[in-house]
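Asker: I'd like to go over a predicted model; first the sequence, then the structure.
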Amino acid sequence: MLNIQAVPAFNDNYIWFIQEPNSRKLLIVDPGDAKPVIEAIEQQQLNPVALLITHHHSDHIAGIKELVKHYDIPVYGPRYEAIPSLTYPLTACNDLKIDSAFPTLTVLDVPGHTNGHIAFLIEGNLFCGDTLFGAGCGRLLGGTAEQLHHSLQLIASLPAQTMIFCAHEYTQANLRFATHVEPNNAQIRQRIVDTDALVKKGKPSLPSLLSLELKTNPFLRCQQPEVIQATQQFSGQQLPSSVAVFTTLRSWKDQF
């Protein structure tokens, strides 16, 4: 079993540590800041072997240069984005082997938030950067709504017990929008209670189960009647497809 922990950074980022407990070898996901990473590594006496990067935004890559210099480790990231010190440019694949201590990884192409965004799946744990959030999804900052909708559908097709490791603590804010879209969804209301309790204790709301996202995340529910009705009411027009619903829903969230 892998040990996975969140290293907080900035106001609401999570840098994820994926640790093999016997060897103490470590994969580091989206290190936007080197300082908390180095502090955690030294405190826990871990052995970093690679950096995994989902996309090019600075809050995900700004620590790469210092970490590569400090530990002399390779950088795995999206082929079609500008990632500093990129050693292994990646697109979708099913058999990425980084180190003998770790299981094989699957790389998913999940554009939309950015045009070349990727995600990493390892032992049923999905590290999805800014594509999917707790009860939400990323903004369109380089990709298209059609791309992001397709990417979310790809994620939605994974096993329901997949653990979702997002890069930001946005769940509370996203749930406020979700309950506005689906005021009759009891599972959203329960998730608000559960999330508020976690945050009150100073704990992350993540990871979440994909099964929970499918029940409470409006961006994965664009074929549900209540989501369609609410989105059509917001836009004042009929929306002929789930892509049209998603596009309008994303625009609505931007203004919310």
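Answerer: Ah, there it is. Residues are numbered from 1 along each chain as shown.

Asker: just the helices from the stretch 1-150 of the chain, written as ranges.
Answerer: Using DSSP state H, counting those that start in this stretch, the helices of the stretch 1-150 of the chain run over residues 34-44, 58-61, 64-71, 145-156.

Asker: low-confidence ranges, the stretch 101-250 of the chain, go.
Answerer: Scanning the stretch 101-250 of the chain with the threshold set as pLDDT under 70 gives no residue ranges.

Asker: and the strands in it, which stretches?
Answerer: Assigned by DSSP state E, counting those that start in this stretch, the stretch 101-250 of the chain shows strands spanning 105-109, 118-122, 125-129, 132-133, 136-137, 163-166, 208-209.

Asker: next, format these as TSV and append distance to residue 154.
Answerer: (Glycine included, C-beta is placed from N, CA and C.) Listed next are the strands of the stretch 101-250 of the chain as TSV, based on distance: least, CB to CB, whole Å:
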stretch	distance to residue 154
strand 105-109	6
strand 118-122	9
strand 125-129	10
strand 132-133	10
strand 136-137	12
strand 163-166	13
strand 208-209	17
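
Asker: of the ones you listed, which is nearest residue 173?
Answerer: strand 136-137 (7.8 Å; CB to CB).

Asker: for that closest one, packing partners?
Answerer: Strand 136-137 sits against helix 171-181, with contacts defined as 3 or more CB pairs under 8 Å, 6 or more residues apart in numbering; DSSP states H and E.

Asker: closest to residue 173 out of the helices of the stretch 1-150 of the chain?
Answerer: helix 58-61 (16.8 Å).

Asker: could you give the average pLDDT over that closest one?
Answerer: In this model, helix 58-61 has a mean pLDDT of 98.

Asker: tell me the buried residues in it?
Answerer: For helix 58-61, burial by neighbour count (16 or more other CB atoms under 10 Å) applies to 59, 60, 61.

Asker: residue 240: how many residues sit nearby?
Answerer: 8 (other CB atoms under 10 Å).

Asker: one more: residue 52?
Answerer: Residues near residue 52, counting by other CB under 10 Å: 27.

Asker: check the gap between it and residue 247 for me.
Answerer: Distance of residue 52 to residue 247, computed by CB to CB, to the nearest Å: 30 Å.

Asker: what are the ranges of the helices in the stretch 151-256 of the chain?
Answerer: Under DSSP H, counting those that start in this stretch, the stretch 151-256 of the chain gives helices at 171-181, 186-200, 210-216, 225-235, 242-255.

Asker: can you put these in a markdown table and add mean neighbour count and distance to residue 40?
Answerer: Listed next are those as a markdown table, based on neighbours: other CB atoms under 10 Å; distance: least, CB to CB, whole Å:
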| stretch | mean neighbour count | distance to residue 40 |
| --- | --- | --- |
| helix 171-181 | 20 | 23 |
| helix 186-200 | 15 | 21 |
| helix 210-216 | 20 | 27 |
| helix 225-235 | 16 | 39 |
| helix 242-255 | 19 | 33 |
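
Asker: ok, the closest residue to residue 217 other than its chain neighbours - contacts?
Answerer: Among residues not flanking residue 217 along the chain, residue 135 sits closest, at 5.0 Å (CB to CB, 6 or more residues apart in numbering). Applying CB atoms under 8 Å, 6 or more residues apart in numbering, one finds that residue 135 lies in contact with 170, 171, 174, 175, 177, 178, 188, 191, 213, 216, 217, 218.
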